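K.L.:
Predicted model, plus sequence, below.
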Amino acid sequence: MRNGGKCNVCDTPDTLGAHSEVADVRSNVRRFCKERFTVWRCASCRSIHSRDVVDLGAYYAHYPFHTQKNDAALRLVYRTFPRRLKRAGLRRDHSILDYGCGSGLLVAFFRKKGYVNATGYDAYSERFAGADALRDTYDCIVAQDLVEHVDDPRSTLRTFARLAKPGALILIGTPNADAIDLSASEKHVHTLHQPFHTHMFSKNALIEAGRAVGWSVERVYMTNYTNTLFPCANLNFALHYAKCFDNNLDLAFERVRFSRRLLSPRTLYLALFGYFNAPEADVTVIFRAP
């Protein structure tokens, strides 16, 4: 069970106490938005942790991501993954494991782009829960939006090290705790994403945790994979759009809505140029195994 009162991502862990930087934050999922949760920051590594130990199964049963569809918008932002990995040396004949793949949409995308050796694993997916995927090793492991959800992130990284072939690429994409101002928790409600995000690395803590299992850093990106140059497909526009309604995550999985609040020069500006100066809400580190 998760210990929400002690940092478990760094070598000099802080403990929640009177000195700690703490915030009270609502859930950004509509069904739970009236519920409040406490998060706190480790003074040693600046990572952020959820204090509350809850029955996450009850929350995941109504998780908006379960309704995600393989549509044009999703395929557009997924292009970021092969682009970043190719720069680090990924080839189409490489074997890829999407760890925590959910319904397998990213696996399907990789295969359609010619990465025929892509497969997925997710303990909570009926289709991808088979342990056979964990008996093999891979040239590339992708873990997007995973390590912040697990009870023991460093143990998960050690699992990746076991699954990685010599010289493999390991992509870890996760919220960037450095970019979160806990004194303005509503501003960062989507990055904090309570109660689903249990441990959120700072950039340096993530890099050090990767190095602790023997990996070197290949590339670092300080923006989410969904932040693109295509009109409306950027983080700033998405945040603006959400604030024009109820500012809940569910909006990302529903039909596009209209509001008079969208009839503004700011909406047009963010639709066209929101890619630039997007908040560093996420960090993606591509590591290389020894």
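P.N.:
Here it is on my side, so go on.

K.L.:
Can you pull out the low-pLDDT segments for the protein?
P.N.:
1-3 (pLDDT under 70).

K.L.:
who does the longest strand that it contains touch, helix- and strand-wise?
P.N.:
Taking DSSP state E as the criterion, the chain has its longest strand at strand 164-175. Counting contacts by 3 or more Cβ pairs under 8 Å, 6 or more residues apart in numbering; DSSP states H and E, strand 164-175 packs against helix 80-87, strand 138-144, helix 203-212, strand 282-288. C-beta here means a position set from N, CA and C on the backbone, and glycine is covered the same way.

K.L.:
any chance of these in TSV, plus distance to F160 and mean neighbour count?
P.N.:
Formatted as TSV, those follow (distance: least, Cβ to Cβ, whole Å; neighbours: other Cβ atoms under 10 Å):
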stretch	distance to F160	mean neighbour count
helix 80-87	15	17
strand 138-144	5	24
helix 203-212	9	19
strand 282-288	9	23
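
K.L.:
do you know which of the ones you listed lies nearest D152?
P.N.:
helix 203-212 (11.2 Å; Cβ to Cβ).

K.L.:
And for the residue nearest to K165 when sequence neighbours are not counted, the neighbour number?
P.N.:
Of all residues beyond its chain neighbours, the one nearest K165 is T137 (4.7 Å), with distances taken as Cβ to Cβ, 6 or more residues apart in numbering. Neighbour count of T137, defined by other Cβ atoms under 10 Å: 15.

K.L.:
okay but T137 is in contact with A161, surely?
P.N.:
No - here T137 does not reach A161: they are 10.4 Å apart, not a contact under Cβ atoms under 8 Å.

K.L.:
Let me see the ranges of the strands in the stretch 101-250 of the chain.
P.N.:
118-121, 138-144, 164-175, 199-200, 216-221 (DSSP state E, counting those that start in this stretch).

K.L.:
of all the ones you listed, which lies closest to P279?
P.N.:
Among those, if distance is taken as Cβ to Cβ, the winner is strand 164-175, at 11.0 Å.

K.L.:
buried stuff in that closest one?
P.N.:
Of the residues in strand 164-175, 164, 168-175 count as buried by neighbour count, 16 or more other Cβ atoms under 10 Å.

K.L.:
for it, the distance to its chain's centre please.
P.N.:
Here the centre of mass of C-alpha atoms in strand 164-175, compared against the chain's by Cα atoms, centre = their mean, to the nearest Å, lies 14 Å away.

K.L.:
got it, and stretch 279-290?
P.N.:
On Cα atoms, centre = their mean, the centre of stretch 279-290 falls 11 Å from the chain's centre.

K.L.:
Surely V220 and K203 touch.
P.N.:
Yes - the pair V220 and K203 qualifies as a contact (Cβ under 8 Å) at a distance of 7.3 Å.
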